[in-house]
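**Q** need the 3D shape of this:
(chains A and B, ligands or ions: 2)
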Amino acid sequence: MDKQLMKGNEAIAEAAVRAGCKFFAGYPITPQSEILEYLSWRMPEEDGVFIQSESELAGISMVYGAAATGFRTMTSSSGPGYSLLQEGISYIASAELPCLLVNVMRYGSGLGDIFVGQSDYWQTVKNGGHGDYRSIVYAPASVQEAADLVRLGFDKAEEYRNPVTLLSDASIGQMMEPVDLPKIIDHDPDKYDWTASGKGERKFNRITSNMYYMDNFDEYISKKYKTIEENEQLWEEFHTEDAEYVLVAYGISSRISIEAVEAVRKKGIKAGLIRPISLYPFPVKAFEGLKDVKGLISVEMTKLSQMAEDVALASRMKVPVYGITGGTELYEVEDVVESILEIVDGKAKEVI
Amino acid sequence: MVIKSKPEACFVDNKYCPGCGHGIINRLVAEVLEEMGEEKKAIGAIAVGCASLMPDTFGIDCIQAQHGRAAAVAVGVKNCRPDNMVFSYQGDGDALAIGFSETMYAAIRNDNITVIFVNNGNFGMTGGQMAPTTLEGQRTTTSPKGRDIMATGAPLNVINLMKTLDVAYLARGSVDGNANIMKTKKYIREAFEAQKNKEGYSFVEVLSPCPTNWNKSPQDSMKHIRETVVKTYEMGVYAERRGDNA
Ligand SMILES: Cc1ncc(C[n+]2csc(CCOP(=O)(O)OP(=O)(O)O)c2C)c(N)n1
Ligand code: SF4
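**A** Numbering: from 1, shown residues only, chains lettered A, B, ... in the order given. Ligands and ions are numbered 1, 2, ... in the order given. I've put the predicted structure just below:
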């Protein structure tokens, strides 16, 4: 198929339409607004529905209702808007409904800023909402991967009856790259027996916290997430075979990290990279095979080294963990190289 | 005399307090859906509050909405399944305090859903705190000296606000006594019919007793509605659009 040049945000929107998504509700916020704008005209073309909701709270509530009907549905947001989605995400997870959420990260807390950043790792991966639930989280590092993960996200959301979040960021969202999109598919909203669709001749369905009506709920739900953790880890590795220093970076940071690994290798430092694609479940299996590693280096566009905690846990705290931080503007490869050299020279402090 | 059998949707006894209006209103909704032949296609977005007891005893497809967001949940449902009868069922704290925005925007967009709004003048589920609908001077657990409207603003008559909007149907009824119950049932039917005819947003407010938190007997609670509550919240049909969307 021919490749098209598309912005990351638009590729996400088109990929959703092609995955059979028929309902989108959302609220404008930079840097995700292109998703909204694109779907405002594209959804009706495919007999889908687009609603610009009065707030993110209302938007996610509409998505909750739509997900309950068995249709494929999604919303997208960023920063403060993503915070407002949390109530609904917790309800959706609690009722075990599938849907796709997109967080195109910006930088900072509070109003923060629209600059590049990866400051929503904790909120997105560890649950911004209340209670015992997880969202499966995927982090694309290219426009193509963003589109691919949308399709995978809808499939996994239904396989596990659980929300899936695509954690993108301002740079992937805004950059243009060639992308190969699959053909549009039809999703049958009536193929599941759990939907709110009018009871007809069957027993009525109650879409609510599943804990109310399940005897062995605690056991059931922990098993569900254990299964996801066992089966759904996704990652990529570069030069990890002989690496003494392993960078860990997701999304846009991984692209700069690959270049940095190549640059320091030319200086004789055995560096490698683990690129988590799934952030929940975190790809702990990638760390099992590491031998003779002197340091793990979490490279993220946040000032607080958010993912570094998971890196430390994945290595069972047996290896020193360092952090290279950034945000507000893309770090240059030279900056990352310099930070790696400081770590190798023993001049850097461990983050944990 | 024909004793009406219970609608099938009320498949077990409800779990509300004795003398609570929710039980009557649940039953009216069930009767109307059944009489219209819609109960098999109905989908309810049920509010947080005493309403959330409903899914246990009301046998249709339903969704437990987040507190305040039932109208928005119903909008999501209706857009995906436009041929189903979709309603939200909400208390006054839910629809007018935390969910004011979601409530108003469904009306502003004239979304083709039906909202059943139970006005019992307080937050029943959480123990009788002040609600937007609490009457002036009414004592609640958070207005122990009586509601001071200088501090809280006046009781919220939401139909007065919605009247200014382009909606299909607005009415306010009550469950005090048979005559009013039958009138309320008619309003609920007209609201669902408006939805069926794709006229747009329909909203029925129902004045309802909460004997437990009003500290009144069921009888005195009904009397209180009749003699006092209706002075702030007058009953009647406030908007009705028919046929212009055929
Ligand atoms: C976000 C959130 N805030 C607060 C609550 C607690 N809460 C549960 S029911 C309720 C009030 C319900 O009152 P109302 O809507 O008037 O319904 P009623 O119980 O009187 O029928 C509140 C505040 C909640 N469940 N969720
Ligand atoms: S607390 Fe009030 S509203 Fe709730 S069930 Fe009891 S009487 Fe009804």
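
**Q** can I get the least confident helix or strand in chain B by mean pLDDT in CSV, CA atoms only?
**A** Of all helical and strand segments in chain B, the minimum by mean pLDDT, DSSP states H and E falls on helix B:54-57, at a mean of 94. Extracted C-alpha coordinates of helix B:54-57, given in CSV (Å, rounded to 0.1, in the frame of the first residue of the first chain):
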residue,chain,number,x,y,z
MET,B,54,-32.1,0.8,41.1
PRO,B,55,-30.0,-1.6,39.1
ASP,B,56,-30.5,-4.2,41.8
THR,B,57,-34.3,-4.2,41.3
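
**Q** tell me the contacts of the residue lying closest to B:T212 once chain neighbours are set aside?
**A** Of all residues not flanking B:T212 in the chain, B:C17 sits nearest, at 4.5 Å (Cβ to Cβ, 6 or more residues apart in numbering or on different chains). For every residue, glycine as well, the C-beta is placed using N, CA and C. For B:C17, the contacting residues are B:210-212, by Cβ atoms under 8 Å, 6 or more residues apart in numbering or on different chains.

**Q** now do B:T126
**A** Counting by Cβ under 8 Å, 6+ apart, B:T126 has contacts B:G93.

**Q** bridging residues for residue 116?
**A** The chain I'm using is chain A. A:T328 (DSSP bridges).

**Q** to clarify, I was referring to chain B.
**A** Going by DSSP bridges, B:I116 forms beta bridges with B:Y89, B:V204.

**Q** ok, whatever residue of chain A ends up closest to ligand 1 - contacts?
**A** As assessed by Cβ to the nearest ligand atom, ligand 1 sits closest to A:E87 within chain A, at 6.8 Å. By Cβ under 8 Å, 6+ apart, A:E87 lies in contact with A:57, A:60, A:129, B:66, B:69.

**Q** what helix or strand is A:A312 located in?
**A** Using DSSP states H and E, A:A312 sits in helix A:308-314.

**Q** before we move on, back to that, top of the contacts of B:C17 by neighbour count?
**A** B:C210 (26 neighbours; other Cβ atoms under 10 Å in any protein chain shown).

**Q** so that one sits against B:M222, correct?
**A** No: with contacts counted by Cβ atoms under 8 Å, B:C210 stays clear of B:M222, the gap being 11.6 Å.

**Q** rewinding a little: how far out from the middle of the chain is the least confident helix or strand of chain B?
**A** Distance, stretch centre to chain centre, for helix B:54-57: 16 Å (Cα atoms, centre = their mean, to the nearest Å).

**Q** could you list every helix and strand in contact with that helix?
**A** helix B:21-35, strand B:42-46, strand B:61-64 (3 or more Cβ pairs under 8 Å, 6 or more residues apart in numbering or on different chains; DSSP states H and E).

**Q** with distance to A:M214 added, can I get these in JSON lines?
**A** Below are the helices and strands packed on helix B:54-57 laid out as JSON lines (distance: least, Cβ to Cβ, whole Å):
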{"stretch": "helix B:21-35", "distance to A:M214": "25"}
{"stretch": "strand B:42-46", "distance to A:M214": "19"}
{"stretch": "strand B:61-64", "distance to A:M214": "15"}
